[in-house]
Structures are given as structure tokens and as C-alpha cells.
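Asks: Sharing a model prediction with you, sequence too.
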Amino acid sequence: MSGEQAARRRVAYRSQRSGQQRPAGPWLGREFEVEVGAVAHGGHCVARHEGRVVFVRHALPGERVRVRVSEDGGGSYCRADAVAVLAASPDRVEPPCPYAGPGACGGCDWQHASAGAQLELKAAVVREALTRLGGLSDVDVAVQPLPGGLLGWRSRVQYAADPAGRLGFRRHRSHEVELVDHCPLGTEAVSGVDAPAAVWPGEEVVEVVTSGAGESVVLATPRPEQPVPPRGRQRPPRKPPARRTGPAQVTEHAAGRDWRVAAGGFWQVHPHAADTLTAAVLDLLAPAPGEAAYDLYSGVGLFAGVLAEAVGVTGRVVAVEADAAAARDAAANLAAYPGASVHHGNVATWLDRGPGEVDLVVLDPPRSGAGLPVIAAICGLEPRAIAYVACDPAALARDVRAAGEHGYRLTGLRAYDLFPMTQHVECVALLER
């Protein structure tokens, strides 16, 4: 057996153990040298070898590296890790985390890039998406950092547990767990809980939640039960509820006030993110007293709350949220504003009912984006401005293009590094008629 064949077998075996059915194409485990090209969406760069595209992790544009193919479906592309750097970029740094690197923790994408390079890599991804998917070639994109630096910013950390109950993080595109004793991205409060020091038998996921008010909650989700399926049928495993240690709700502080959030509910993990995003939305929309506003996919009502404050007692704000716990929190958070209300339900369904005239819309959809029907319905209401908060540049670009087909154009864009060391970037786009 050749070295290349042995490497392919090892990679295929790891994929099989992880529960993923990855195709074992002809290049799986193969090593070769490439010149690294531009960054691409997804935390990797693009290279080419023997007529095929190679998506390379742990590399930087302009480098020459030796790669090992980690995934190959036999088509026009494959995925690979840079296992040796032959000619390094001046932006390359030593990763500060011992668990970062090929075959290890999959949580971070750019630990090997300097702080400035990370901002430019993310800006390049946003520009490329707006050009290729949004049809806009002249958008100026500059990603702004948040206070606090690259480490110690994550206030909520979700660990995966291996079958023995030891904690770590999933490896890239794998169910395998890279065991850790800490995460340097976690805040001091998260590190103080020290969840990896314990063994969690029977658990699948352990999430540590710390709040701006100093509360700590641990949510431990047991492994799903595996019932014996009836003959000829397959039943998905039942998902048991998480076991909680700590309060059911926590208190977060943003935009000058406190917010109630369910312990397992959504809140931005960077301590400065909520302030940054609400300030951007208010600056771009410039709400005036007496205006009507919709906060769609509102979560706990963060944007609805700051809009209600801005439009005053003569204004009107409606928050729409599908998650029941978040909608309850939003109702509590907006209770002080007589002109604000919360609708618990699907955004698209609510829009189909014809909610009436509106001046301003905040759109903060899930990673997949709002989608064409929702964009068309919002534009049909003819608001004077839409603030689109996006965590995925590709979804943002597609929805901006759709809004353009309904008479709205991109007139402002802010981009923020809410997730240092990772590929993720948050954008706030202003769309106007």
C-alpha cells in the first residue's frame, strides 16, 4: 500500500467513524503543492491543481503551501488543509490556540492571520458576494473591529461531548470531537465555569451561557434516545430537553437598558455586538417621532425596543418572531411602550395577511436570508427605508438583488467583526426606494 493510499484510508476511516458519509474520491488523502489564490466564503482560499479547484483551509492569499486533500467527491473541486507553508504571507501569525490547525478544532478559521488581515479577508468576502450574487460592483466595504481584541470575547460557548462525556469542539465538517481544556475565545466568566474540567456522561451538547449581569447558566442536552423503529420505517431519534443549571432567564444590557432573555435563547455572543448593531440601525434608518416600524425576525425585541424609543408615543412598532420563548421575552421587553406590540408567528405568513403601511423595516433573518417572497412582500409595503442585518454575505447579496428588482437600492453598508478568528462577519445594509 502506498503512502497516498494509506492516507486516503485513514481519512475515509475517520469520516466513517464520525458518522458522515463523505465520498472517497480519487484525491482523498493526496498531498501536493499549490499557489493560494483569493479568499472565498466559508473560511478558505481558492487554489487550482491539475484543472480542479481546491478549497484550502489554514492558508492565506499569495502563499505557496503543501496541502492534503480532506474531502473529495470526484467532481470539479475538492477540499484540503494546508499542512506545510513553503512561502508564507506577511500576514501570517502563530495561532494563539493550541487546538487550531489542520484536523483539529473546526471553530476558528483565521487564527493564523493577523488582526488587520482578518478584517480585509472578511471585507473581500462581502465585496465578492455583492458583486457575484448581488450584481453590485462598486460597493465600498470596510469591516470594523469591535473593542476587546481577538480573544476573550465569546460570552456563550457550546461544547460537544464525546461518547465518554469529555468536552471539546467538532472538527471541521465532521462529527468527531477535538477535546479541549479551555477555549481562548471565551470570556473570563465562561472560562470561570470551566465546563471541560468535568465529565458529562450521557450528554451530547453542553452550553455555557454568561450574561452581562453576571449570571451563569449551564445547559446540558442528553444524547437522543434511539427507539427501535417499526419494520420498514425509520424514525428520527427523539431529542430530549436540555437540563439547566442556573436561572431560566438572564439579563443582558444594551442600548442603555436591560433586556430579558431566555437562558437558551438567542443573544449576540460578543459583549459589544448588541450596542454596535442597534447604533448602526438607528443611524442608518434615522427614525422620526410618529413613524411606524416593523422589526421582523425580532428575537427578544432588541431593535423593536430602540425603535419604539425613537418613534415615541405617537409612533407604532410591531415585532414579529416565530420562536415562542423569544416572543414572550420580546413582549416583556416592550411592555413599557404603549405603541409597541409583538406578533408570535411566521414572518412570511404575517406579511401575507397585509399588515398595513409602514415607514421603516428592520430585517434580521436567519443565516439563510429572508428569501424572495419575504423581500417582495416588504418592498410591496413601500417603506421609506429597510435596515437589513445579515450574518451571511451570500444571503444578503441575493436578497439585495431581489430588493433591487422591486425598486429598492443599496444606499449604505456597515460591516463589523462580531466574531474574531472565525470566517463570520455581520453586515447592516440600508435599502431605500
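Replies: Great, that's in hand. Residues are numbered from 1 along each chain as shown.
Asks: Run a quick neighbour tally on D194.
Replies: Taking other C-beta atoms under 10 Å as the neighbour definition, D194 ends up with a count of 11. In short, each C-beta sits where N, CA and C put it, glycine included.
Asks: Now for the nearest residue to it once chain neighbours are set aside, how many residues are close by?
Replies: With C-beta to C-beta, 6 or more residues apart in numbering as the criterion, D194 has its nearest non-adjacent residue at 7.7 Å, and that residue is H182. Each residue near H182 was counted by other C-beta under 10 Å, and the total is 16.
Asks: Surely H182 touches V193?
Replies: No: assessed by C-beta atoms under 8 Å, H182 is found out of contact with V193, at 10.5 Å.
Asks: So which elements touch the longest helix seen in the chain?
Replies: Looking only at the chain and at elements set by DSSP state H, the helix with the highest residue count is helix 115-132. Contacts of helix 115-132 with other secondary structure elements, assessed using 3 or more C-beta pairs under 8 Å, 6 or more residues apart in numbering; DSSP states H and E, are made with strand 39-40, strand 143-145, helix 393-404, strand 409-417.
Asks: hmm, try it at 10 Å
Replies: In terms of contact count using 3 or more C-beta pairs under 10 Å, 6 or more residues apart in numbering; DSSP states H and E, helix 115-132 is assigned the packing partners strand 39-40, strand 143-145, helix 393-404, strand 409-417, strand 426-432.
Asks: Not counting its own residues, what contacts the shortest one?
Replies: When contacts are taken as C-beta atoms under 10 Å, 6 or more residues apart in numbering, the neighbours of strand 39-40 outside the stretch itself are 45-46, 53, 55-56, 59-61, 109-110, 113, 117, 120-125, 128, 423.
Asks: I figured R384 hits T411, correct?
Replies: No: using C-beta atoms under 10 Å, R384 makes no contact with T411, being 11.4 Å away.
Asks: so what sits against both of these two?
Replies: The contact sets of R384 and T411 overlap at 432-433 (C-beta under 10 Å, 6+ apart).
Asks: in the stretch 151-300 of the chain, which spans are strands?
Replies: 156-161, 167-170, 177-179, 203-210, 216-222, 243-245, 249-254, 257-262, 292-296 (DSSP state E, counting those that start in this stretch).
Asks: Please work out which of these is packed deepest.
Replies: strand 292-296 (a mean of 27; mean count of other C-beta atoms under 10 Å).
Asks: Following the chain onward from it, which element is next?
Replies: On the C-terminal side of strand 292-296, the nearest following helix or strand under DSSP states H and E is helix 302-311.
Asks: Could I get the CA-only coordinates of that next one as CSV?
Replies: Listed in CSV are the C-alpha atoms of helix 302-311, where the atom choice follows Å, rounded to 0.1, in the frame of the first residue of the first chain:
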residue,chain,number,x,y,z
LEU,A,302,-33.8,44.4,20.6
PHE,A,303,-34.3,46.5,17.5
ALA,A,304,-38.1,47.0,18.3
GLY,A,305,-37.2,48.5,21.6
VAL,A,306,-34.7,51.1,20.3
LEU,A,307,-37.2,51.9,17.5
ALA,A,308,-40.0,52.3,20.0
GLU,A,309,-37.9,54.8,22.0
ALA,A,310,-37.1,56.7,18.8
VAL,A,311,-40.7,57.0,17.3
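Asks: looking only at pLDDT, what's the mean for it?
Replies: If you average the pLDDT over helix 302-311, you get 98.
Asks: Hey, what's the angle from it to strand 292-296? Just curious.
Replies: Orientation check (axes from the mean of the first three to the mean of the last three C-alpha atoms, to 10 degrees): helix 302-311 against strand 292-296 gives 170 degrees.
Asks: Give the pairing partners of the helix or strand just after helix 302-311; include direction for each.
Replies: Scanning forward in sequence from helix 302-311, with DSSP H and E defining helices and strands, the next element found is strand 316-321. Each strand that strand 316-321 pairs with, and the sense of that pairing, follows from DSSP bridges: strand 292-296 (parallel), strand 340-344 (parallel).
Asks: what sits against G301?
Replies: For G301, the residues meeting the contact criterion (C-beta under 10 Å, 6+ apart) are 259-260, 295, 307-308, 317, 319, 321, 326-327, 329-335, 337, 340, 342.
Asks: how far away is it from V85?
Replies: 47 Å (C-beta to C-beta, to the nearest Å).
Asks: closest one to E33 among the strands of the stretch 151-300 of the chain?
Replies: Distances from E33 to each of those were compared using C-beta to C-beta; the minimum, 26.7 Å, belongs to strand 177-179.
Asks: tell me what that closest one is packed against?
Replies: Helices and strands touching strand 177-179, by 3+ C-beta pairs under 10 Å, 6+ apart, are strand 156-161, strand 167-170.
Asks: State the mean pLDDT of the last one.
Replies: Across strand 167-170, pLDDT averages out at 98.
Asks: ok, now the longest one?
Replies: For strand 156-161, the mean per-residue pLDDT is 98.
Asks: In the stretch 101-250 of the chain, where is pLDDT below threshold?
Replies: Across the stretch 101-250 of the chain, residues meeting the criterion (pLDDT under 70) sit at 226-238.
Asks: related to what we said a few turns ago, just tell me which of the helices and strands packed on helix 115-132 ends up closest to A377.
Replies: Each of the helices and strands packed on helix 115-132 has some distance to A377 by C-beta to C-beta; the shortest is helix 393-404, at 11.1 Å.
Asks: centre of the chain versus the closest one, how much separation?
Replies: The chain centroid and the centroid of helix 393-404 are separated by 17 Å, computed with C-alpha atoms, centre = their mean, to the nearest Å.
Asks: Equivalent analysis for stretch 265-282, please.
Replies: 13 Å.
Asks: what's the answer for stretch 283-295, then?
Replies: In terms of C-alpha atoms, centre = their mean, the centre of stretch 283-295 is set 27 Å apart from its chain centre.
Asks: tell me the mean pLDDT for that stretch?
Replies: Model confidence over stretch 283-295 averages 98 on the pLDDT scale.
Asks: Send me that stretch as PDB with only the CA atoms.
Replies: C-alpha atoms of stretch 283-295 as PDB (Å, rounded to 0.1, in the frame of the first residue of the first chain):
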ATOM      1  CA  ASP A 283     -28.000  55.800  12.400                       C
ATOM      2  CA  LEU A 284     -29.000  54.400   9.000                       C
ATOM      3  CA  LEU A 285     -32.700  54.500   9.400                       C
ATOM      4  CA  ALA A 286     -32.900  57.800  11.300                       C
ATOM      5  CA  PRO A 287     -36.400  57.100  12.700                       C
ATOM      6  CA  ALA A 288     -38.500  60.100  13.500                       C
ATOM      7  CA  PRO A 289     -41.300  60.600  16.100                       C
ATOM      8  CA  GLY A 290     -44.700  59.300  14.800                       C
ATOM      9  CA  GLU A 291     -43.300  56.800  12.300                       C
ATOM     10  CA  ALA A 292     -44.400  53.200  12.000                       C
ATOM     11  CA  ALA A 293     -41.800  50.400  12.100                       C
ATOM     12  CA  TYR A 294     -41.700  46.600  11.800                       C
ATOM     13  CA  ASP A 295     -39.000  44.500  13.400                       C
END
